[in-house]
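In: fold the following and give me the result.
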Amino acid sequence: MNEKLMIALIGEQQMPNLLPIRYEKPDQVILIYSKHTENRYQKLKNLLGNTYATPLKIEDPYNIFETKKDLSDLIYSMGYSSKDIIFNLTGGTKPMAFASYHLADELSSPFIYLQSEGGKSLIYRYEFIDKIAQLVDKKEIPPVITIDDYLRVHLGTYEKLSFRSNFEKILYEELKQLFDEVSHSIKHGSLEIDLVLRRGNQVGIVEVKTGKSAAKKEGIDQLNTAAEQRYLGTYARKFLIVNKEMGANNLELAKAHRTTVIELCKEENDDISVEDKEKLADAVLKNFGG
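Out: Numbering: from 1, shown residues only. Below is the predicted model:
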């Protein structure tokens, strides 16, 4: 069998599995999950499309021996050669990663680890050479996802509505010139997101506030909710764009929650000034590492 099999561990975050799957393009992938991550497993499985996903539900994600045994039995039943298997050790619980590492060691199969830093998604590849795991490659993953991928793998389904304000539409048109992709007016149940940005494989979410609400902490709270693990995950960058000054207390609160606040002054003609366009570009691009 010359097909490639990837072992993926489902944890609290989705991107550590989705990005390596899209990059490596395995023919099949075993998704290891527990009752606590079954919902995330289902969303990832639904998104994979042409990749055939084989589920492996484990009873105790902290039992190293049982996890290793169940995974070993499944791989054996599928008939894969060790050289055609690659382990992704990024997700799941640490005991799940330990179990997978020990099995990779026994099989002398390569394994990878995903790290996101400075706006980049880096894949570290290891191989067992003379029974010792050695780093053999480190590469940046090129763009392999869309905003729709990101939303679907985290939310499952969502709606796309109309712009709520002309200011929001102006910002959308301006940000489209700076990013690979921008989407707007996303709704999932009670969750609403004004703008979603993508640069490469990095994603940001934007809340737009005008008038009286611009000076309140409401936008900060909404972004914190949207970036929870149950929604869009902690990988998403958070931006609050307002058309007036927020005040020192709310700026400190935003900083504490790792939210970038961009204060713009809306002009009489509903456009934003050249200075504010430069301020907007500097703030968002700096946050994305460029």
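In: where do the helices sit along the stretch 1-150 of the chain?
Out: According to DSSP state H, counting those that start in this stretch, the stretch 1-150 of the chain carries its helices in the segments 15-24, 38-47, 64-78, 94-107, 147-155.
In: I meant the stretch 151-290 of the chain, not that one.
Out: All helices of the stretch 151-290 of the chain, identified by DSSP H, counting those that start in this stretch, fall at 166-176, 218-226, 248-256, 274-287.
In: out of the helices of the stretch 1-150 of the chain, flag the one nearest residue 164.
Out: Smallest distance to residue 164 across the helices of the stretch 1-150 of the chain (Cβ to Cβ): 18.1 Å, for helix 147-155. All C-beta spots, glycine's among them, are computed from the backbone N, C-alpha and C.
In: now the angle between helix 218-226 and the closest one, please.
Out: Orientation of helix 147-155 against helix 218-226 (axes from the mean of the first three to the mean of the last three Cα atoms, to 10 degrees) gives an angle of 70 degrees.
In: average pLDDT across helix 147-155?
Out: Confidence for helix 147-155, expressed as mean pLDDT, is 96.
In: which neighbouring elements make contact with it?
Out: Helices and strands touching helix 147-155, by 3 or more Cβ pairs under 8 Å, 6 or more residues apart in numbering; DSSP states H and E, are helix 15-24, helix 38-47, strand 181-188, strand 191-199.
In: can you list the ones you listed in TSV and add mean neighbour count, distance to residue 105 and mean pLDDT?
Out: Formatted as TSV, those follow (neighbours: other Cβ atoms under 10 Å; distance: least, Cβ to Cβ, whole Å; pLDDT from 0 to 100):
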stretch	mean neighbour count	distance to residue 105	mean pLDDT
helix 15-24	22	19	94
helix 38-47	18	25	94
strand 181-188	18	40	96
strand 191-199	22	37	95
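In: so for residue 144, which of these sits nearest?
Out: With Cβ to Cβ as the criterion, residue 144 lies closest to helix 15-24 of those, at 3.8 Å.
In: restrict the closest one to CA atoms and write it as PDB.
Out: C-alpha atoms of helix 15-24 as PDB (Å, rounded to 0.1, in the frame of the first residue of the first chain):
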ATOM      1  CA  MET A  15      -6.100  24.400  13.400                       C
ATOM      2  CA  PRO A  16      -3.300  22.100  14.700                       C
ATOM      3  CA  ASN A  17      -5.100  19.300  12.800                       C
ATOM      4  CA  LEU A  18      -6.600  21.100   9.800                       C
ATOM      5  CA  LEU A  19      -3.400  22.900   8.700                       C
ATOM      6  CA  PRO A  20      -1.200  19.800   8.600                       C
ATOM      7  CA  ILE A  21      -3.900  17.700   6.900                       C
ATOM      8  CA  ARG A  22      -4.300  20.300   4.200                       C
ATOM      9  CA  TYR A  23      -0.500  20.600   3.800                       C
ATOM     10  CA  GLU A  24       0.400  17.000   3.900                       C
END
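In: let's have the helices of the stretch 151-290 of the chain in TSV, adding distance to residue 36.
Out: Below are the helices of the stretch 151-290 of the chain laid out as TSV (distance: least, Cβ to Cβ, whole Å):
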stretch	distance to residue 36
helix 166-176	36
helix 218-226	21
helix 248-256	28
helix 274-287	31
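In: which of those sits closest to residue 13?
Out: Closest to residue 13 of the helices of the stretch 151-290 of the chain is helix 218-226 (Cβ to Cβ; 14.9 Å).
In: give me the angle between the closest one and strand 181-188.
Out: 80 degrees.
In: now the angle from helix 218-226 to helix 248-256?
Out: Orientation of helix 218-226 against helix 248-256 (the same axes, to 10 degrees) gives an angle of 20 degrees.
In: name the helices or strands packed onto helix 218-226?
Out: Packing contacts for helix 218-226, counted by 3+ Cβ pairs under 8 Å, 6+ apart, involve strand 191-199, strand 202-209, strand 237-242, helix 248-256, strand 259-263.
In: closest to residue 84 out of the ones you listed?
Out: strand 202-209 (31.1 Å).
In: same for the closest one, what does it pack against?
Out: Using 3+ Cβ pairs under 8 Å, 6+ apart: strand 202-209 touches helix 166-176, strand 191-199, helix 218-226, strand 237-242.
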